[in-house]
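Participant: Got a sequence here, can you model it:
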Amino acid sequence: MNEQNGFEALLQVGYGTNTSLLENEAASIKELFMRQPPRSIAEAGLKIKELTGIERSHTRLREFMKRHKFGFLKTGHIPAKVNNTEQKSRVEETLKPVIKAAQSGEVYLLFMDAAHFVLFKHKVNLLFTKKNGSFF
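Facilitator: Now for the predicted structure:
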């Protein structure tokens, strides 16, 4: 290498210039997630593998999603007996600011319904992404 390019080639730093194969497919993956949001990292991995044929570990998928401003919110459990005052305060303090941010174009908000009116608790996950700045 130094015989062809001389001393200057020895001074060049090529560290950190590799790009992930997922980066080449980022646009199609983002489009897929906006149309069909995954409910977990495992499901995201399966969808990416079906779309591109690329398989990555959950850690690498989390890093990819974070780099492209995607994340998961665990909203907790839906109780069998609802406390109306607590529910109303949660809507006012948590949900409405996110809805306003989505209406103003700051974030994308995707709702997934998991409310089954039985006497068991169910976990609800939301996939979200931000456009610019902070999440909320």
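Participant: Please report how far the residue sitting nearest the centre point of the chain lies from Gly6.
Facilitator: Centroid-nearest residue in the chain: Phe70, 2.3 Å away (criterion: Cα atoms, centre = their mean). When Cβ to Cβ, to the nearest Å is the yardstick, Phe70 and Gly6 sit 45 Å from each other. To be clear about C-beta, it is placed using only N, CA and C from the backbone, and glycine gets the same treatment.
Participant: if I read this right, the residue nearest to the centre of the chain contacts Phe33, doesn't it?
Facilitator: Yes - using Cβ atoms under 8 Å, Phe70 is in contact with Phe33, at 6.4 Å.
Participant: count of residues packed around Ser104?
Facilitator: Neighbour count of Ser104, defined by other Cβ atoms under 10 Å: 9.
Participant: From Glu92, how far out is it?
Facilitator: Counting by Cβ to Cβ, the gap from Ser104 to Glu92 is 18 Å.
Participant: Gly14 too?
Facilitator: Separation of Gly14 from Glu92 (Cβ to Cβ): 53 Å.
Participant: Mind checking which of these two has more residues around it?
Facilitator: Remark: of Gly14 and Glu92, Glu92 carries more neighbours, 10 against 6, as counted by other Cβ under 10 Å.
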